[in-house]
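*Asks:* coords below, sequence missing:
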Ligand SMILES: Cc1ncc(COP(=O)(O)O)c(C=O)c1O
């Protein structure tokens, strides 16, 4: 059988699809349609390259692919032929080639001005982190790349560093084995809801207004969500908590109002949990950021009844996409928590955990927190000075820490949601307080100040004053 020229094949030189892939696909289609019959010889690579004005390498590559996929076969001293054994088989029609539209991929973006709860990631010592990451890889060799199902609760080195850090900075007394490293504190909340809330309808008490990450985690466990009012001093402790229920709270800095819970209310919460046989989940997401004094000891440190479960996060002290949080579990829940984590994803990324353990051990966490505290304290001062000078129609409570300022609207007849929507349209992210409410009539705007440089704060507050 004579060799047929394949010069009728048309290659699109402007397409992002490489010529070799286009050629291989068209040859395959010719075989599938029967245009090239089983046993028929195909042109030599030299002829094909000359006919189609392509390089010989491109022709060789396309033919190699068809040989490896079983469309062509080489016969000694005769050249390449369409596979004889395909005779009598109907090959499926090829999927038509459509050149993928070249759409730009969405780019990662930074939060817009005043988006709450954002650390300034530009302050993060990436050079130190990368050096320690290299050391973590060298120290552990290739073992760190394997599944490590024994470490479903976290790398022991990180558990140990966390237990020591929490003891020294937050007064939390625990054994390293009680510390579970999770994918952000959100995973910890989700898993605790699954483990602690026995069956649909179990009660979860939530601060109102409060953190919607907690609300969604408890709702996913089909809890009966019961609001607990918050005033300017933080959560108002319920006199009684139902047996088997849990109460979620942010005592260091109530989210989103910013109140710090005073000692008598802390004691009342623990008493209610002890008497009711309920659990308290203490979310200590940003307690490191108290500016003129050291952070208050945790609720966990006051608990002599073993009812407080402590949850923390590196999203604020380091950076949120790290997705490392942790929970200090009551000893009786360690095993069940590990079993549940095995079902979810076995364990978290170990290279980051090993890096973080070194970062804490060599004092870099402390230095970074010190640096952020100083910077954020000055941003808080800039925010308050500017807001006062501009006479924004909002009342900001005095605060000595945190990452956000929650301004109450002076004119309560103005809806905070409509106001926030107007600001969002103009490129700011200042959520309304009502977004965090369950039943409360809270109204205001929540401004994050930590992620933005002083000149950005001044500039955008001035523009917002104009918009308001
Ligand atoms: C109250 C509260 N808890 C926890 C977190 C942190 O969540 P994660 O550790 O999942 O990033 C946030 C983040 O905004 C928060 O506002």
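*Replies:* Yep, it's here. No experiment lies behind these values; they were computed from the predicted model shown.

*Asks:* can you count the residues close to the residue in the chain positioned nearest to the ligand?
*Replies:* With C-beta to the nearest ligand atom as the measure, residue 184 is the residue of the chain nearest to the ligand, at 2.8 Å. For every residue, glycine as well, the C-beta is placed using N, CA and C. In terms of burial, residue 184 registers 20 neighbours under the definition other C-beta atoms under 10 Å.

*Asks:* mind checking how far it is from residue 289?
*Replies:* Between residue 184 and residue 289 the distance, using C-beta to C-beta, to the nearest Å, works out to 18 Å.

*Asks:* can you check residue 404 too?
*Replies:* 10 Å.

*Asks:* intersection of neighbour lists for the two?
*Replies:* Applying C-beta atoms under 8 Å, 6 or more residues apart in numbering, one finds that no residue jointly contacts residue 404 and residue 289.

*Asks:* what's downstream of whatever helix or strand residue 59 lives in, the next helix or strand?
*Replies:* In this structure, residue 59 is located in helix 56-68 according to DSSP states H and E. With elements assigned by DSSP H and E, the helix or strand that comes after helix 56-68 is strand 72-75.

*Asks:* by contact count, what packs against the helix ranked longest in the chain?
*Replies:* Of all the segments of type helix in the chain, defined by DSSP state H, the longest one is helix 364-390. With contacts defined as 3 or more C-beta pairs under 8 Å, 6 or more residues apart in numbering; DSSP states H and E, the secondary structure elements packing on helix 364-390 are strand 404-409, helix 454-467.

*Asks:* Show me what stretch 136-155 is in contact with.
*Replies:* Stretch 136-155 has contacts (C-beta under 8 Å, 6+ apart) with 159, 162, 177, 179-181, 326, 334, 337-338, 341-342, 346-348, 350-351, 353-355, 357-358.

*Asks:* Phi, psi for the nearest residue to residue 401 once chain neighbours are set aside please.
*Replies:* With C-beta to C-beta, 6 or more residues apart in numbering as the measure, residue 290 is the residue that lies nearest to residue 401, at 3.8 Å, once sequence neighbours are left out. Reported as degrees, to the nearest 10, the phi and psi values for residue 290 are phi -120, psi 130.

*Asks:* Can you report how many residues lie near residue 400?
*Replies:* Each residue near residue 400 was counted by other C-beta under 10 Å, and the total is 14.

*Asks:* Which residue ranges of this protein form strands?
*Replies:* Residue ranges of the strands in the chain, as given by DSSP state E, are 72-75, 79-82, 179-182, 203-208, 224-231, 234-235, 246-249, 279-283, 308-313, 325-328, 394-395, 404-409, 444-448.

*Asks:* now those in a markdown table, with mean pLDDT and mean neighbour count?
*Replies:* Formatted as a markdown table, the strands of the chain follow (pLDDT from 0 to 100; neighbours: other C-beta atoms under 10 Å):
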| stretch | mean pLDDT | mean neighbour count |
| --- | --- | --- |
| strand 72-75 | 93 | 15 |
| strand 79-82 | 94 | 19 |
| strand 179-182 | 98 | 27 |
| strand 203-208 | 98 | 24 |
| strand 224-231 | 96 | 17 |
| strand 234-235 | 96 | 25 |
| strand 246-249 | 98 | 27 |
| strand 279-283 | 98 | 26 |
| strand 308-313 | 98 | 25 |
| strand 325-328 | 98 | 24 |
| strand 394-395 | 93 | 16 |
| strand 404-409 | 94 | 22 |
| strand 444-448 | 97 | 26 |
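
*Asks:* Ok, which of the ones you listed comes nearest residue 102?
*Replies:* When these are ranked by distance to residue 102, counting by C-beta to C-beta, first place goes to strand 72-75 at 31.7 Å.

*Asks:* Give me the residues contacting that closest one.
*Replies:* Contacts of strand 72-75 (C-beta under 8 Å, 6+ apart): 42, 63, 66, 67, 80, 81, 82, 83, 84.

*Asks:* Nearest residue to the last one in space, please, no chain neighbours.
*Replies:* Using C-beta to C-beta, 6+ apart and skipping the chain neighbours, the partner closest in space to residue 84 is residue 39 (4.6 Å).

*Asks:* Tally up the residues packed near that neighbour, please.
*Replies:* Applying other C-beta under 10 Å, we find 14 other residues in the vicinity of residue 39.

*Asks:* before we move on, what about residue 371?
*Replies:* Once other C-beta under 10 Å is used to define contacts, residue 371 is seen to have 13 neighbours.

*Asks:* just residue 106 next, same as before
*Replies:* For residue 106, the count of nearby residues is 6 (other C-beta under 10 Å).

*Asks:* roughly how far apart are it and residue 181?
*Replies:* 30 Å.

*Asks:* for the ligand, what are the nearby residues on the stretch 251-400 of the chain?
*Replies:* Residues of the stretch 251-400 of the chain lying close to the ligand by C-beta under 6 Å from any ligand atom are 255, 283, 285, 313, 315, 320, 325.

*Asks:* do you know how far the residue nearest to the last one when sequence neighbours are not counted is from residue 5?
*Replies:* In this structure, residue 325 finds its nearest non-sequential neighbour in residue 185, 3.6 Å apart by C-beta to C-beta, 6+ apart. When C-beta to C-beta is applied, the distance between residue 185 and residue 5 equals 67 Å.

*Asks:* more neighbours, those two?
*Replies:* Looking at residue 185 and residue 5 with other C-beta under 10 Å, you find the greater number of neighbours at residue 185, namely 28 against 13.

*Asks:* Skip the chain neighbours and tell me the closest residue to residue 407.
*Replies:* Leaving aside its chain neighbours, residue 407 sits nearest to residue 394 (3.1 Å; criterion: C-beta to C-beta, 6+ apart).

*Asks:* Next up, the contacts around the one you found.
*Replies:* 387, 407, 408, 409, 410, 444, 445.

*Asks:* partner residues bridging it?
*Replies:* Here residue 394 shows beta-bridge partners residue 409, assigned using DSSP bridges.

*Asks:* where in the protein is pLDDT low?
*Replies:* Residue ranges of the chain with pLDDT under 70: 94-101.
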